[in-house]
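Participant: Have a look; sequence and predicted model below, questions after that.
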Number of protein chains: 2
Amino acid sequence: MASNKPTLQDIADKAKVSRMTVSRVFSEKNNVSKETTEKIKKIAKKIGYHPNLIARSLSNRKSKTIGVFVPKTRHLFLDIYITQILSGISDVTQEFDYSLMLFPIDYKKEKSDLYLSIAMSHLVDGIILIKTKVNDKRIDNLKAINFPYILVNHRNNSYNFVDANNVKGAKLAVQHLHNLGHRKIAFVSGSLDETNAIDRLNSYKNTLKSLKLLLKKEWIINGEFSKEKAYEASKELLKSKNLPTAIFCSDDYMAIGVMERIWEMGLSVPNDISIVGFDDIEIASYIKPSLTTVHQHMSKIGEKSAQLLLDLINKKIKPPIHEFLNVELVDRASTSRPK
Amino acid sequence: MASNKPTLQDIADKAKVSRMTVSRVFSEKNNVSKETTEKIKKIAKKIGYHPNLIARSLSNRKSKTIGVFVPKTRHLFLDIYITQILSGISDVTQEFDYSLMLFPIDYKKEKSDLYLSIAMSHLVDGIILIKTKVNDKRIDNLKAINFPYILVNHRNNSYNFVDANNVKGAKLAVQHLHNLGHRKIAFVSGSLDETNAIDRLNSYKNTLKSLKLLLKKEWIINGEFSKEKAYEASKELLKSKNLPTAIFCSDDYMAIGVMERIWEMGLSVPNDISIVGFDDIEIASYIKPSLTTVHQHMSKIGEKSAQLLLDLINKKIKPPIHEFLNVELVDRASTSRPK
DNA sequence: TATTTTAATGTTATCGGTAACATAAAAATA
DNA sequence: TATTTTTATGTTACCGATAACATTAAAATA
């Protein structure tokens, strides 16, 4: 700002070499003599040279930056869930010397094709899109121009994605309850504009069938991935005389909402009703009773998506990319045998 | 990738105007005739033109991007605390059409001067540094070159900063306990390489003095802003025969750690010992008993820091910038009158 | 020693925009 | 009508790097 920043040319002048030789030193081409390299580095240090990465990007036609679209929802925009994905992504980008651009976005409100604009802007070499919605047609445009992208937590066979194994997760949850002796298992769904929610719902249904358990429509309610909505929706469910003995919730926040309703009715978790969540967010282990839930390895999902994106960028692999990461059941205190 | 991206020149050719005229349309200079503007926009849409923001940055000598250094600590790297700051920052940057670059960093490990490299790289027009350490000399380099920066949660009068009013926060906490009737108030400090921790500690001491309460060295322990360390440190504190009736903890995680130790000893919160935290992270309201704590308006801190940084960038204001944001005591269930 | 290969450096053009200045045509003023 | 001002557009140079090709000097080989 104050002092104009030194450029390659400044060094070249002082070292009495061409600008190109200096460039070679800083882009580590290893074809500059030892003496010249040292002389140049010395001058660079002295005058405080740092490469202009914007100029480099323009010339190289790559930015060594990846963009991440992050949903702006729930509590402000980032819950701990997304935070962990980001953490995993950043571990990988740092390792390979890439920068990270963040694009918080309200997927529902935003109508212009921001993905395409960013893809075309040369700001980033590839993008990761976290939790896009099922009907988001803009993803097609990325595919059409063959721009490197990965969807995280959006499973769709015609796109590149990295996702948790939601089908397995829901199956584990239902089986766990079944093993404990539950036969009347209700389900709280998330917003069905996310494949997460759809996959968990379908897997719940399929697992019930394969276990020959009763599948009642009234036992499937929609909490829209919101604690409050789950609380409200559960009122109806819990009015019935024929109460379920267990409720499997599509995420932990909803599980907490449902538990609150249960307590309000003077019932106990897990004595009267067992609860299983999904995600294993930090709070799950802090509440009382601590929540039995399906753990997703969020930071691994982040890492994997970044690795695959970099491989796409560097043409080590080709689309389509369909990657499922493992999930595990974490058995805590919100589940027990039914009375 | 597949198709080469169209440039201004492509449009200029088709529209039979100079490249400059097209440039004027997209940089919204409003000095191009209506007909030409429409013609150009039509062609641009047809051939799918999007400006190359890297080239624009190089020419403009500004990137319309701000960088955020985020501490990579505790749970992976981002806790909900930092998440909210980021959210506030992003609200402002989006409003003013700035992009956001994220630089997760381990302030302790990283020894090279990444701040300066980034500042000199032209990638960003200014940077926000969240929770830098007290002895971080690299900040001086930013100041020296007069590069726009703001420290968040690091109060130092020789730097630009936006911080919560920690002094007031600690005072409110101690006063609250005093008002309830507590006279024996212990303190769990955070890492003293953060001004947060220092300010809270000093304010605790000063408030005790002004209330003429007993200030015992043994009642000040260090939990290093870690739940586990606070748990360990509190073992010693809670061995004493002369137990405090209340413990004020420098953050919520440490408060939880201390409570765990208290429960382990068969004592109750708040019946035997009252607990106050600091920060008001999400978990604080979920645990039982819910935690009385000092609420920081994190997203506002983020907003304010971004606003001030943009003002610095656009030379609407000049350093130094010293901004304190308000804090509030949230009275929940972990505090009560002493027995 | 003559010739080929390799290593080190230089030259030129370009990446895709924009600033600054120049110019021509149209509109406003004298 | 002549002159000045405004509006619309064009020309040239440059932002700071790198790719691709060219050249020279030194080392290796014949």
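Facilitator: Received, thanks.
Participant: from here on, contacts and neighbour counts on C-alpha atoms
Facilitator: Fine.
Participant: Just want the residue of the stretch 51-200 of chain A that's nearest DNA strand C.
Facilitator: Proximity of the stretch 51-200 of chain A to DNA strand C (Cα to the nearest atom of the strand) peaks at A:Ser59, 3.5 Å away.
Participant: Is that residue in a helix, a strand, or coil?
Facilitator: When classified by DSSP: H, G, I helix; E, B strand; the rest coil, A:Ser59 comes out as helix.
Participant: For it, give me its contacts.
Facilitator: Contacts of A:Ser59 were listed using Cα atoms under 8 Å, 6 or more residues apart in numbering or on different chains, and none were found.
Participant: could you pull out the strands for the stretch 151-300 of chain A?
Facilitator: Remark: strands assigned in the stretch 151-300 of chain A by DSSP state E, counting those that start in this stretch are A:161-164, A:185-189, A:220-222, A:246-249, A:274-279, A:292-296.
Participant: mind checking which of those strands is nearest chain B?
Facilitator: strand A:292-296 (14.8 Å; Cα to the nearest Cα).
Participant: what helices or strands is the closest one leaning on?
Facilitator: helix A:166-180, strand A:274-279, strand A:327-330 (3 or more Cα pairs under 8 Å, 6 or more residues apart in numbering or on different chains; DSSP states H and E).
Participant: Partner strands of it, with direction?
Facilitator: strand A:274-279 (parallel), strand A:327-330 (antiparallel) (DSSP bridges).
Participant: For chain A, which residues are neighbours of DNA strand D?
Facilitator: A:5-9, A:19-20, A:22-24, A:26-27, A:50-53, A:55-56, A:58-60 (Cα under 7 Å from any atom of the strand).
Participant: And the buried ones among the residues you listed, selectable in PyMOL?
Facilitator: A single PyMOL command is used to select the members of those judged buried by 16 or more other Cα atoms under 10 Å in any protein chain shown:
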select buried, chain A and resi 5+6+7+8+9+19+22+23+26+50+51+52+53+55+56+58
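Participant: that older thread, determine which stretch of the helices and strands packed on strand A:292-296 is the most buried.
Facilitator: strand A:274-279 (a mean of 28; mean count of other Cα atoms under 10 Å in any protein chain shown).
Participant: So what touches it?
Facilitator: Looking at what lies outside strand A:274-279 - Cα under 8 Å, 6+ apart - the contacts are A:81, A:169, A:173, A:245-255, A:259, A:269, A:291-296, A:334-336, A:338.
Participant: one more time with 6 Å, if that's ok
Facilitator: A:246-252, A:255, A:292-296, A:334-335 (Cα atoms under 6 Å, 6 or more residues apart in numbering or on different chains).
Participant: Just name the closest of those to DNA strand D, please.
Facilitator: Nearest member of these to DNA strand D, counting by Cα to the nearest atom of the strand, is A:Gln296, at 40.2 Å.
Participant: who does the closest one bridge with?
Facilitator: Beta-bridge partners, per DSSP bridges, of A:Gln296: A:Val327.
Participant: mind showing which ranges of the stretch 51-200 of chain A have poor pLDDT?
Facilitator: Residues of the stretch 51-200 of chain A meeting the criterion pLDDT under 70: A:73-79.
Participant: Would you mind listing what in it touches chain B?
Facilitator: Applying Cα under 6 Å from any Cα of the partner chain, we find that the stretch 51-200 of chain A lies next to chain B at A:51-53, A:78, A:80, A:83, A:100-102, A:120-122, A:145-147.
Participant: Among these, name the buried ones.
Facilitator: Buried among these (16+ other Cα under 10 Å): A:51-53, A:78, A:80, A:83, A:100-102, A:120-122, A:145, A:147.
Participant: what are the ranges of the helices in the stretch 101-250 of chain A?
Facilitator: With DSSP state H, counting those that start in this stretch applied, the stretch 101-250 of chain A shows helices at A:114-120, A:138-144, A:166-180, A:195-210, A:227-237, listed in chain order.
Participant: Mind putting these into TSV with distance to DNA strand C?
Facilitator: Output for the helices of the stretch 101-250 of chain A, formatted as TSV (distance: least, Cα to the nearest atom of the strand, whole Å):
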stretch	distance to DNA strand C
helix A:114-120	9
helix A:138-144	18
helix A:166-180	42
helix A:195-210	36
helix A:227-237	46
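Participant: can I get the ones you listed in a markdown table with distance to B:Trp263?
Facilitator: Converted to a markdown table, those look like this (distance: least, Cα to Cα, whole Å):
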| stretch | distance to B:Trp263 |
| --- | --- |
| helix A:114-120 | 51 |
| helix A:138-144 | 52 |
| helix A:166-180 | 30 |
| helix A:195-210 | 37 |
| helix A:227-237 | 28 |
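Participant: returning to that earlier point: looking at the contacts of strand A:274-279, spot the one nearest DNA strand C.
Facilitator: A:Gln296 (41.2 Å).
Participant: element containing the closest residue to A:Ala306 other than its chain neighbours?
Facilitator: What sits nearest to A:Ala306 in space, not counting adjacent residues and going by Cα to Cα, 6 or more residues apart in numbering or on different chains, is A:Ile89, at 5.3 Å. Element membership of A:Ile89 [criterion: DSSP states H and E] is helix A:80-95.
Participant: do A:Pro320 as well
Facilitator: Counting by DSSP H and E, A:Pro320 is part of no helix or strand.
Participant: Can you tell me the closest non-neighbouring residue to it?
Facilitator: Using Cα to Cα, 6+ apart, the closest residue to A:Pro320 is A:Asn160 (5.4 Å).
Participant: Run a quick neighbour tally on the one you found.
Facilitator: Residues lying near A:Asn160 (other Cα atoms under 10 Å in any protein chain shown) number 25.
Participant: cool, and A:Phe96?
Facilitator: Quick note: A:Phe96 (other Cα under 10 Å) scores 12 neighbours.
Participant: And it, its phi and psi?
Facilitator: Recorded main-chain torsions at A:Phe96 are phi -100, psi 20, according to degrees, to the nearest 10.
Participant: ok, now the one 3 residues further on?
Facilitator: Note on A:Ser99: its backbone torsions stand at phi -90, psi 170 [degrees, to the nearest 10].
Participant: Identify the residues contacting it.
Facilitator: Contacts for A:Ser99 (Cα under 6 Å, 6+ apart) come out as A:Thr65.
Participant: Report the beta-bridge partners for it.
Facilitator: A:Thr65.
Participant: one step back: in the helix holding A:Ile89, what's buried?
Facilitator: Those would be A:80-93, for helix A:80-95 by 16+ other Cα under 10 Å.
Participant: Run through the neighbouring helices and strands of that helix.
Facilitator: helix A:298-313 (3 or more Cα pairs under 6 Å, 6 or more residues apart in numbering or on different chains; DSSP states H and E).
Participant: residues making contact with the helix it packs on?
Facilitator: A:84-85, A:88-89, A:92, A:148, A:162, A:317.
Participant: distance of the nearest residue to A:Thr207 once chain neighbours are set aside from A:Leu214?
Facilitator: Leaving aside its chain neighbours, A:Thr207 sits nearest to A:Lys171 (5.8 Å; criterion: Cα to Cα, 6+ apart). Going from A:Lys171 to A:Leu214 by Cα to Cα, to the nearest Å gives 15 Å.
Participant: next one: A:Gly277
Facilitator: 20 Å.
Participant: same deal with A:Leu142?
Facilitator: Distance of A:Leu142 to A:Leu214, given as Cα to Cα: 43 Å.
Participant: neighbour count winner among these two?
Facilitator: A:Leu142 (20 against 14).
Participant: Around the nearest residue in space to the more buried one that is not next to it in sequence, count how many other residues there are.
Facilitator: Spatial nearest neighbour of A:Leu142, excluding adjacent residues (Cα to Cα, 6+ apart): A:Leu116 at 6.3 Å. Around A:Leu116 there are 19 other residues, counting by other Cα under 10 Å.
Participant: Kindly provide the distance from A:Leu116 to B:Met120.
Facilitator: Taken as Cα to Cα, the span from A:Leu116 to B:Met120 is 29 Å.
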